[in-house]
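Enquirer: quick one, structure for this:
(2 chains)
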Amino acid sequence: MSDTFQLDGASVPFEPGQTVMQAALAGGHYIPHLCYHPEFKPHGSCKVCTVKINGRTAASCTMPAEAGLNVESNIEEMNGLRRTLVQMLFAEGNHFCPSCEKSGNCTLQALGYDLEVHTAGFRHLYPDRPLDASHPDILLDFNRCILCELCVRASSEVDGKNVFALSGRGITKHLIVNSETGLLKDTDIALTDKAMHVCPVGVILPKRVGFSVPIGARRYDQRPISAQALDDAPRQADAPHSPDTGGSCPACEGTP
Amino acid sequence: MNELETAEHPENLRRVVIEPVSRVEGHGKVTLLLDENDHVHQVRLHIVEFRGFEKFIQGRPFWEAPVMVQRLCGICPVSHHIAASKAMDMIVGATLTPTAEKVRRLMHYGQILQSHALHFFHLCSPDLLFGFDSDVAKRNIVGIAAAYPEIAKQGVLLRKYGQEVIRVTAGKRVHGTGSIPGGVNKNVSAEERNYLLLDIERTIAWSRDAVDIARKLFEQNLDLYNNFGTFKTHTLNLVRADGALDLYHGGLRARDMNGNTLLDHYDYGHYWDVIFEDVKPWSYMKFPFLRSLGPETGWYRVGPLSRVTQCDFIPTPLAEEQRKAFMAFNGGSATVATLGFHWARMIEMLHAAELIQELLHDPDLQGNDLVNIGQRQARGVGVIEAPRGTLIHHYKVDDNDQIVRCNLIVSTTHNNQAMNEAVRQVARQFIDGRKLTEGLLNHIEVAIRAFDPCLSCATHALGKMPLEVELLDAEGKQIDTLVRNG
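Expert: Purely as a prediction, here's the structure:
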């Protein structure tokens, strides 16, 4: 019999080595998150999954589950902080949902809707981030990067190519391409790479797909992210990435 | 130089400003310069917004344009959505499949229907049914709903029907994504078709009634309607290969003010060889003109009045019958009258309703062959007849798929000089030598509204626009002000 901890008053079982996030999702309890992905090691950078554990805040995706923990997640205090984090992400980049092809398939947008982020909250920084359209089949729109490093992790850990990296510190931190010219066309990235399928926002895009999926058939048109994350989590834990699926998996927000 | 465009000695004249112009889409103002005897020396319609779409689309991937550029407008985004898509069809070398073209046409006719209904019922019927200088407190759609509840209801439901056609084809009532480079992203299912068929008969019947209202208004006020802001002008519009009215595709036809043909079935892919844009320092809107006639006299009029009078026929029976009646009415006087716009617009609304019915019975709408891609091109030009007139989208795309150049000539831009001419004509007829009142100033706005201008192609709170009129003496000191709060 496995040990349990308390999450918002419910008893959640866990296996040794699981994090609070993994145990919660496997048990059917949604904790909002952005940089967490079931196929990759916890990263703990976005802080959207922050919960209160025994009265102190911690990132649930990196916190090992322990018996007897009292975890508070779906409370106004935590959801208020999450809303603020999402507002800051929107203000930091150039996220123009009305004309973004990732709209309806975007994790950041879906999370914003789910958390009821109704206002900007902060003055937009409007950074100047030119596109990298040099690759014949792939477009990079850095305007939408939230620095989750999923592409960095996927390219390094799964594809073995190290196409992406983060550079700079603090507010100047940004995504770069590991090539002599700094351009994507001079890397060996391929459409079937895992890195092509993990971007939760609209940075890494296959070219000329655009708005081919009609409104109503997009990932988050029918069901909110909170419901879908639960669908994906147990399956992801059991069946990690496989080469015959072309690097795609249900938890990845990439274009089909 | 056009008469009344620039006064010889503006320093001695007092300035009257109508700002913003209300019950139009967007933001504009009219300035009048008057002497001490209230004679008019200068009238200008200024467009005071700057949007910058042509600049910030640069660098964006080409497939984004149809969705991004439609944000120019909240009233007729479908027009920009489809014009940009047609340009992108050229970029991707596409020949549309029957399903793709018909779904797009259905979307466009839904747009024509809802936009024309909005303009006639919501924006203009208060002037037309109550009178240009009627009680300003009632001269709005709420006043219409109180005095003519059935007409107001029909206006609202006609617009709603058009919006539903757009929702079914584009995914949303406003700012959908249905049209993509090379085709569309969805068909119309049998269920959706059946839903739209439910109200189509009523929509056609009410559109016929609307043509009757427009005709009766003209008949009952013949002298006023014949002469109000009327002037002779050249025309520009698209026509089908057989000369029929076609709002989605065709060649350019330009005729001079005497009816002589200047261009016919001209391939719009080279529009720049026949149309050029002039710039004036007092307006953000350019002044297009026909190159062959030059900037001073080459300006023209686009929109329903030009289309209905310059096509050879309308290819739907009810609208064609109404077109013939319109052309024959009173020796053709309505065909050159500024207020003839309303009548022509309602004939087009009826035409759009008939076309929607025709398309809904076409099984191609349920086809699954949605996109066709061919040989990639560097330049794309898309032209359609938007509700307000000819709309030109022109893009250049580099080898990386990024847009490097964009030129948009929207319907209202084509009509810029014509609208200026109309307000000058009204100023001569109604303002010159008379003491200003709100009702008199509304005459200026009535002339502008006849063109259904989309001054910014942007949404705003209809009917709530404040109006402020300032009277300044020769030294620029304010001597009187009239304010209408929103």
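Enquirer: around chain A, pick out the residues from chain B.
Expert: B:59-61, B:63-64, B:66-68, B:71, B:92, B:170-172, B:175-178, B:180-181, B:185-186, B:371, B:400-402 (Cβ under 8 Å from any Cβ of the partner chain). Just so you know, the C-beta spots here come from the backbone N, C-alpha and C atoms, and that holds for glycine as well.
Enquirer: from those residues, which land in strands?
Expert: B:Ile180 (DSSP state E).
Enquirer: how about the residue in chain A that chain B sits nearest to: what's its closest non-neighbour residue?
Expert: Residue nearest to chain B within chain A: A:Ile215 (2.9 Å; Cβ to the nearest Cβ). Nearest non-adjacent residue to A:Ile215, counting by Cβ to Cβ, 6 or more residues apart in numbering or on different chains: B:Gly171, 2.9 Å away.
Enquirer: in a strand, B:Val404, correct?
Expert: Yes. Assigned with DSSP: H, G, I helix; E, B strand; the rest coil, B:Val404 falls within a strand.
Enquirer: how close does it sit to A:Thr57?
Expert: 49 Å (Cβ to Cβ, to the nearest Å).
Enquirer: can you check B:Thr338 too?
Expert: 68 Å.
Enquirer: and if you look at B:Val21?
Expert: 55 Å.
Enquirer: which one of those two is surrounded by more residues?
Expert: Neighbours were tallied for B:Val21 and for A:Thr57 using other Cβ atoms under 10 Å in any protein chain shown; the higher tally belongs to B:Val21 (23 against 14).
Enquirer: that older thread, are any of the residues of chain B next to chain A buried, and which?
Expert: Neighbour counting with 16 or more other Cβ atoms under 10 Å in any protein chain shown marks B:60-61, B:63-64, B:66-68, B:71, B:92, B:170-171, B:175-178, B:180-181, B:185-186, B:371, B:400-402 as buried within those.
Enquirer: without its sequence neighbours, what residue ends up closest to the closest residue to chain A within the stretch 251-400 of chain B?
Expert: Nearest to chain A, among the residues of the stretch 251-400 of chain B, is B:Asn400, at 3.9 Å (Cβ to the nearest Cβ). Closest residue to B:Asn400 apart from its sequence neighbours, by Cβ to Cβ, 6+ apart: A:Ala133 at 3.9 Å.
Enquirer: the one you found is in contact with B:Asp401, isn't it?
Expert: Yes. Contact criterion Cβ atoms under 8 Å: A:Ala133 and B:Asp401 qualify, at 5.8 Å.
Enquirer: common neighbours of these two, please.
Expert: By Cβ atoms under 8 Å, 6 or more residues apart in numbering or on different chains, A:Ala133 and B:Asp401 have these common neighbours: A:Leu139, A:Lys207, B:Pro61.
Enquirer: quick check: bridge partners of the last one?
Expert: This means B:Pro61. Beta bridges link B:Pro61 to B:Gln402 when assigned by DSSP bridges.
Enquirer: repeat that for the first one.
Expert: With beta bridges defined as DSSP bridges, A:Leu139 has these partners: A:Leu205.
Enquirer: what is the burial count for B:Gly294?
Expert: 12.
Enquirer: if we can go back for a sec, quick one, what contacts the residue nearest to A:Ile215?
Expert: Counting by Cβ under 8 Å, 6+ apart, B:Gly171 has contacts A:Pro214, A:Ile215, A:Gly216, B:Thr177, B:Gly178, B:Asn185, B:Lys186.
Enquirer: and with 10 Å instead?
Expert: Counting by Cβ atoms under 10 Å, 6 or more residues apart in numbering or on different chains, B:Gly171 touches A:104, A:211, A:213-218, A:221, B:177-178, B:185-186.
Enquirer: so how far is stretch A:198-214 off the chain centroid?
Expert: 15 Å (Cα atoms, centre = their mean, to the nearest Å).
Enquirer: pull out the buried residues from that stretch.
Expert: A:198-205, A:207-208, A:210-214.
Enquirer: and the end-to-end length of it?
Expert: 21 Å (Cα to Cα, to the nearest Å).
Enquirer: stretch B:357-374 now?
Expert: So stretch B:357-374: terminal residues 32 Å apart, Cα to Cα.
Enquirer: now it: buried residues?
Expert: Quick answer for stretch B:357-374 (16+ other Cβ under 10 Å): B:Gln357, B:Glu358, B:Leu359, B:Leu360, B:Asp362, B:Asp364, B:Leu365, B:Gly367, B:Leu370, B:Val371.
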